[in-house]
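Asker: Have a look at this prediction, sequence included:
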Amino acid sequence: MIAFPPRRPPERSGAVAPDGLPMPGRFAHLHPDDGACLMEAAALLATGRFTDSPAGTHPALAALARAVNDSVTDDARLALWPLAADLADARPEGRTYAPLLVGAVVDAARATRPASRRLARESRACRRRAERLAQAPGGGLPGRVADLLWWRGPGRRRLEHALRVLCAAPDADERLCRLLRQAVAGARGHPSEG
């Protein structure tokens, strides 16, 4: 789980969740009666199971969706709720997807801090990894292990750092919501590698 700076609690809106789905809420929940995060809603739509890591969603995209869900205000979270259906079936094939997604999040953070040398390095590293993977032959088991190690290590650290930068922006809700919408659209349109 990503730890973000505390945010001022928003005023409660009168909005309600779409029919058939639990109320949107922050963090993980034990049961749909307690509410659901965006990924838990996606899992309910896809399989009927209550989990925040549905098999139909790429792990990097699921991590981004959970972080955005937990970081935005209640009104912004409710506005993202329709994305649950698209997230339920957003698992692009290919090894380049995760570094491209993380690179896009890092680039969004660079827009708020253009002078950050760390973000510039992280963006270049993601781009180089995606380029190398695009040129590499099929990964097989060694490739899957290498991708998992990258995602659990530098990939996740880069994503978390970029999200902390975005959460500190004065217009964080707007930036995070736009970023997640773009990421979901990109995942649904990501070409298969073969």
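Answerer: Received it, and whenever you're ready, just let me know what you need. For clarity, every value in this text was computed on a predicted model and none was experimentally measured.
Asker: so is the closest residue in space to Ala90 that isn't next to it in sequence in a helix, a strand, or just coil?
Answerer: Spatially, and ignoring its direct neighbours in sequence, Ala90 is nearest to Ala187 (4.1 Å; Cβ to Cβ, 6 or more residues apart in numbering). To be clear about C-beta, it is placed using only N, CA and C from the backbone, and glycine gets the same treatment. Following DSSP: H, G, I helix; E, B strand; the rest coil, the label given to Ala187 is helix.
Asker: Ala187 reaches Ala60, doesn't it?
Answerer: No - the criterion here is Cβ atoms under 8 Å, and Ala187 misses it with Ala60 at 9.2 Å.
Asker: and for those two, which residues touch both?
Answerer: 97, 101 (Cβ atoms under 8 Å, 6 or more residues apart in numbering).
Asker: need the contact list for the residue nearest to Ala90.
Answerer: Residues near Ala187 by Cβ under 8 Å, 6+ apart: 58, 61, 90-92, 97, 101.
Asker: Not counting sequence-adjacent ones, nearest residue to the residue nearest to the spatial centre of the chain?
Answerer: With distances taken as Cα atoms, centre = their mean, Leu64 lies nearest the centre of the chain, 1.5 Å away. Using Cβ to Cβ, 6+ apart and skipping residues adjacent in sequence, the residue nearest Leu64 is Ala183, 5.8 Å away.
Asker: For the helix or strand hosting that neighbour, buried residues please.
Answerer: Secondary-structure assignment from DSSP states H and E places Ala183 in helix 172-189. Across helix 172-189, burial judged by 16 or more other Cβ atoms under 10 Å covers 172-173, 175-177, 179-181, 183-184, 186-187.
Asker: Helices along the chain, start to end?
Answerer: Ranges of helices in the chain, per DSSP state H, are 38-46, 59-71, 74-80, 83-87, 97-112, 117-135, 140-150, 156-167, 172-189.
Asker: Return a selection command, for use in ChimeraX, containing the buried ones of the contacts of Ala187.
Answerer: Listed next is the ChimeraX selection for buried residues among those, using 16+ other Cβ under 10 Å:
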select :58,61,90,91,92,97,101
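Asker: Present the contacts of Ala187 as TSV; the columns should include distance to Arg124.
Answerer: Shown next, in TSV, are the contacts of Ala187 (distance: Cβ to Cβ, whole Å):
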residue	distance to Arg124
His58	22
Leu61	22
Ala90	26
Arg91	27
Pro92	22
Tyr97	18
Leu101	16
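Asker: any chance of the contacts of Ala187 in TSV, plus pLDDT and distance to Leu166?
Answerer: Below are those laid out as TSV (pLDDT from 0 to 100; distance: Cβ to Cβ, whole Å):
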residue	pLDDT	distance to Leu166
His58	93	20
Leu61	96	16
Ala90	91	20
Arg91	90	24
Pro92	91	22
Tyr97	95	20
Leu101	97	14
